[in-house]
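> Provide a 3D model corresponding to the input given below.
(chains A, B and C)
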Amino acid sequence: MGLPGSGLAKGLAITLRTMTRRSVTAHYPDVQPELPARSRGVIGLFEENCTVCMLCARECPDWCIYIDSHKETVPATTSGGRDRSRNVLDRFAIDFSLCMYCGICIEVCPFDALFWSPEFEYAETDIHELTHEREKLREWMWTVPEPPPLDPAAEEPKEVGSARKAADKLAVQLAEQLEQEQLEQEHGEAAEAADPGTPGAGTPGPAADSGAAEPPTTDRPEKPERPDRSEPSDRSDRPGPPEDRRQGREGEA
Amino acid sequence: MSTFPANASGTVDGTLLLAAGRGFLSPTGVEITFVLVGLVTLGAAIMAVTSKQLVHAALWLVLALGGVAVEYLLLTAEFIAWVQVLIYVGSVVVLLLFGLMLTRAPIGPSPDADSGNRWIALAVALATAATLVTVVVDAFVSANSAWITLDTPQGDTATIGESLFRHWVLPFEALSVLLLAALVGAIVLSRRRSTASGAAPRTSTRPVAPPGPGARPRAGARTVAGGGPADAQPVADAQPGPGEQADAGGQSEQSPVNESEPESGRGKKEER
Amino acid sequence: MEFFDVAWRLLVVMLAFLVLPLLVGQAEHKVMAHMQGRVGPMHAGGFHGWAQLVADGVKFAQKEDIVPAAADRRVFQLAPAVALVPYLIVLIAIPVAPNGVVGQVVDAGIFFVLAVLGVGVLGQVMGGWASANKYSLLGGMRTAAQLMAYELPLLLAAASVVMASGTLSLPGILDVWQWWWLPWQLVGAFVFFVAGVAELHRPPFDAPLAPEEIIFGPLTEYGGLRFAFFMLSEYAGIVVISALTSVLFLGGWHGPFADQLGWLWMLLKTAALCFLVIWMRVAWPRLRADQIQRFAWTCLVPLALAQIALTGVVKVVFL
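Now for the predicted structure:
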């Protein structure tokens, strides 16, 4: 403590110093806050991706998601084929007066139909208006930002890893084949076995062309295919993945 | 609502009047003001005496004292006026109110705020008033006494200081010695009471303090059945073990009553 | 002519009484906020919330005038006026600039000022008692105790200046003031200022109000305009105490170009002291009621007596 009154002097000094500095107050209504990209403001619905699987509604701890749907029959595309049925979304609503912003619905959605948006200014004077219906939820999708880039030293995403593993495997196979061909040529044998009948040939990755020339680890596929995109056949008429659409929209804006 | 502002503005008027050198208020104006303020003072004083509500009486007293201060002002005794406000209104009445609040200051009338000897009090008051009036009349009016001449201002600070410290130094010093004696007496009284009140509990609790840490574990061990150490602690404080008494030696003034009380308390605890 | 002169002076004093406390209040809003890393009021009036206190006043005026059922109605309603009016009266006697720029020259000015200041505290005591509320009564008692404790050092410190100058008149004191009185009366200045702040119940001496403990003490039951009057009296008190300290100890209008800029010097000194009052509120914790008493009797009174002794010795030996 030292000198008597030194504590008082320190108090005066600290307050005076604080006064000369800039205050930390956020001038919110005048200046919008800079929210991080993953802020949990409101939940947007990308309804084109929704298959009415009801996972979100069932996982929601607050039971604040309401989904109505009906089934439609899609006639067979080829003659003699079987008719298919698919779910059509009638109502999708989130009651934000109940929602606790846990984000479980977004986590569980297998088809990437729900997204966080950092928008937060949707207070209402009537609590009923906090139940955002399908159209409003769709509108929020315009405000969903680009996912931020990974940190420099971050672990690479699972999709990228699995895709690269497949590409590496393919590259190794191709290299082996090339070696075999060369060996066969050197041995003066006939080269009619040049056609690679290997299982990986159905999906030739972009790395397949230059596989032998470069070291295999640098071969990253430009765009990893997401396993969940290619699955259901009845979704073939749906538009592409949301990233593409969003980029297009940003261009419009 | 109207009483105090009226008083305050009266004060202002008095001040202005003084400083303006009796400009816009004619002498008769001063006299009128004097009489009015006097009436207010008198009424407030009567209210202070007759009010059944203690705090109201004190507040009426404020008004009365303030009115007297204004009268002083009107008599050009400025220094005395402000001393009156400072000492009586500012301090004495606040002290009075403080005392009332400390003891009892109910809102509403106090039935016992009446005194049986009010007639005696009235007589004393009348006698005092008569004496004062006689003296004042003698001082101002009588032709033979030249104590005070109204032509020269007598009440300003310089005059008072001069007369006080030049002509009346001895009485002044005697008064200050008297006040000093009163002060010393008050201190002595308060100290004696505090030591007396401090001594009384000390004798009764003396066996508690000196045993100190030694008493606790032993007493606690005896009262384990009664509960945890938290329960045992007060018992240990209140009742030293027999060995403690021997340790304490001459402090045998501990009464048997003191001893038996915790004993019975402990018995109850063990029953539980 | 004389009448108009007096009326004009009273008008100016009234204006100062209405404006200066608001300025201090606004300064407190902003200074306190910035000392705590905030910005304070920003919206009322547009530019940095300059009209916040005006908005507050409008709000107070709209509120219902409530008197508790058990309260002593008359005293309860009268108390804010008793608390407020003395500060208005005191302002009359404070000199602002040389050559008689003062509301009214009072011969025993310092006595007048201190006497009337003591009356103001009576209003808080009255309010504390009349509210019929335990917290209010506690606050009122603390107020009374604090007044009695700090009146003495206040008077003694003022007496030191009076001894030095040989006059009780505030303009008279300023007329004979010399710069070296500043170090000479330094201890007295400290005592006077601290005791004055304590009489206003400003932090760190705000145990009678103590919002976190006894909920504004005497003001607990007040609302609306009456509460606003109490608040106004507090800020008027800050102005008065700061002005008095600067007159008695800091030389009032003395300074370079005092003949033209005397009023500015006076205002500057007063403003600096007001800032100090606000600063102390922000920086320091509240003293307990018993600590307040001990500080007055064991620290300020001896210091004031020592100052008087010093003043006397210097006056007799060197002057």
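
> Next SSE downstream of the helix ranked longest in chain C?
If you go by DSSP state H, chain C has its longest helix at helix C:2-35. Downstream of helix C:2-35, the next assigned helix or strand under DSSP states H and E is helix C:52-62.

> The next helix or strand after that following helix near chain B at all?
Downstream of helix C:52-62, the next assigned helix or strand under DSSP H and E is helix C:73-91. Yes - using C-beta under 8 Å from any C-beta of the partner chain, helix C:73-91 reaches chain B at C:74, C:75, C:77, C:78, C:81, C:82, C:85, C:86, C:89. (Glycine included, C-beta is placed from N, CA and C.)

> Stretch C:237-254 too?
No - interface with chain B: stretch C:237-254 contributes nothing (C-beta under 8 Å from any C-beta), its closest point being 14.4 Å away.

> can you give me the offset of that stretch from its chain's centre?
10 Å (C-alpha atoms, centre = their mean, to the nearest Å).

> buried sites along it?
C:237-254 (16 or more other C-beta atoms under 10 Å in any protein chain shown).

> Please report how far the closest residue to chain A within the stretch 201-319 of chain C lies from residue C:207.
Here the stretch 201-319 of chain C gets closest to chain A at one residue, residue C:283, 3.8 Å apart by C-beta to the nearest C-beta. Distance of residue C:283 to residue C:207, computed by C-beta to C-beta, to the nearest Å: 17 Å.

> Show the end-to-end separation of stretch C:245-262, please.
End-to-end distance for stretch C:245-262, by C-alpha to C-alpha, to the nearest Å: 16 Å.

> I'd like the average pLDDT over that stretch.
For stretch C:245-262, mean pLDDT rounds to 79.

> Repeat that for stretch B:128-143.
80.

> Phi first, then psi, for the residue in chain A positioned nearest to chain B.
Going by C-beta to the nearest C-beta, chain B is nearest to residue A:4 of chain A, at 27.6 Å. Main-chain torsions, residue A:4, degrees, to the nearest 10: phi -60, psi 140.

> and it, how many residues sit next to it?
7 (other C-beta atoms under 10 Å in any protein chain shown).

> Ok, residue A:68 next?
Neighbour tally, residue A:68, other C-beta under 10 Å: 11.

> Pop out the phi and psi values for it.
Per-residue torsions, residue A:68: phi -120, psi 150 (degrees, to the nearest 10).

> In stretch C:162-180, which residues are buried?
C:162-165, C:167-174, C:177.

> Out of those, which is nearest to chain B?
Proximity of these to chain B was ranked by C-beta to the nearest C-beta; the top entry is residue C:168 with 5.1 Å.

> Need the pLDDT of the closest one.
pLDDT, residue C:168: 79.

> I'd assumed residue C:111 was in contact with it.
Yes - Residue C:168 is in contact with residue C:111 according to C-beta atoms under 8 Å; the separation is 5.8 Å.

> Show me whatever sits in contact with both of these two.
Shared contacts of residue C:168 and residue C:111 (C-beta atoms under 8 Å, 6 or more residues apart in numbering or on different chains): B:79, B:157.

> Quick one: work out the angle between the longest helix of chain C and helix C:73-91.
Interaxial angle, helix C:2-35 versus helix C:73-91 (axes from the mean of the first three to the mean of the last three C-alpha atoms, to 10 degrees): 100 degrees.

> Could you list the buried residues of helix C:2-35?
Neighbour-count burial for helix C:2-35 [16+ other C-beta under 10 Å]: C:6, C:9-10, C:13, C:16-17, C:20-22, C:24-35.

> Make sure residue C:265 is actually in contact with residue C:254.
Yes - assessed by C-beta under 8 Å, residue C:265 is found in contact with residue C:254 at 6.7 Å.

> what's near enough to touch residue C:150?
Residue C:150 touches C:195, C:198, C:199, C:296, C:300, counting by C-beta under 8 Å, 6+ apart.

> Next, count neighbours for the fourth one.
Same thing as residue C:296. Neighbours around residue C:296, by other C-beta under 10 Å: 24.

> what lines up beside the strand or helix carrying residue A:93 in the sheet?
Using DSSP H and E, residue A:93 sits within strand A:84-95. Pairing partners of strand A:84-95, with direction, according to DSSP bridges: strand A:65-74 (antiparallel), strand A:131-132 (antiparallel).

> tell me the most buried of those?
Among the strands paired with strand A:84-95, strand A:131-132 has the highest mean neighbour count (mean count of other C-beta atoms under 10 Å in any protein chain shown), at a mean of 20.

> What ranges does the stretch 101-250 of chain C have for its strands?
Counting by DSSP state E, counting those that start in this stretch, one finds strands in the stretch 101-250 of chain C at the ranges C:101-102.

> Point me to the residue of it nearest chain B.
Counting by C-beta to the nearest C-beta, the stretch 101-250 of chain C gets nearest chain B through residue C:118, at 2.6 Å.

> Got the confidence number for the residue of the stretch 151-272 of chain B found nearest chain A?
Chain A sits closest to residue B:187 of the stretch 151-272 of chain B, with a gap of 27.6 Å, by C-beta to the nearest C-beta. Predicted confidence (pLDDT) for residue B:187: 85.

> And what about it, helix, strand or coil?
helix (DSSP: H, G, I helix; E, B strand; the rest coil).

> shouldn't residue B:72 be in contact with residue B:84?
Yes - the criterion here is C-beta under 8 Å, and residue B:72 meets it with residue B:84 at 6.1 Å.

> Run through who's touching stretch C:53-60.
Residues contacting stretch C:53-60 (C-beta under 8 Å, 6+ apart): C:22, C:25, C:26, C:29, C:44, C:45, C:224, C:225, C:227, C:228.

> Reformat those as JSON lines; add pLDDT.
Listed next are the contacts of stretch C:53-60 as JSON lines, based on pLDDT from 0 to 100:
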{"residue": "C:22", "pLDDT": "87"}
{"residue": "C:25", "pLDDT": "88"}
{"residue": "C:26", "pLDDT": "88"}
{"residue": "C:29", "pLDDT": "88"}
{"residue": "C:44", "pLDDT": "79"}
{"residue": "C:45", "pLDDT": "78"}
{"residue": "C:224", "pLDDT": "82"}
{"residue": "C:225", "pLDDT": "86"}
{"residue": "C:227", "pLDDT": "88"}
{"residue": "C:228", "pLDDT": "88"}
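
> ok, so of those residues, who is nearest residue C:276?
The shortest approach to residue C:276 among the contacts of stretch C:53-60 belongs to residue C:25, at 15.7 Å (C-beta to C-beta).

> Report the contact partners of the closest one.
C:53, C:231, C:235.

> Give me the domain ranges for the chain.
Picking chain A for this. For chain A, automatic domain parsing gives the domain ranges A:42-143, A:158-223.

> Switch to chain B, please.
Structural domains annotated on chain B: B:1-114, B:115-167, B:212-271, as defined by automatic domain parsing.

> where's residue A:131 relative to residue A:96, distance?
Distance, residue A:131 to residue A:96, using C-beta to C-beta: 7 Å.

> for the record, mean pLDDT for stretch C:176-196?
86.

> Tell me if it is near chain B.
No - judged by C-beta under 8 Å from any C-beta, stretch C:176-196 makes no contact with chain B; its nearest approach is 13.5 Å.

> Buried by neighbour count: which residues of that stretch qualify?
Applying 16+ other C-beta under 10 Å to stretch C:176-196 flags C:177, C:181, C:184-185, C:187-196 as buried.

> swap in stretch A:41-61?
A:41-53, A:55-57, A:60.

> residue ranges of the helices in the chain, please?
Answering for chain A, as no chain was given. A:6-20, A:55-59, A:104-108, A:134-140, A:158-186, A:242-252.

> looking at chain B here, not the other one
B:3-19, B:27-50, B:54-74, B:78-83, B:93-103, B:118-140, B:157-162, B:169-205, B:215-222, B:229-238, B:242-248, B:256-271.

> Fine by me, thanks again.
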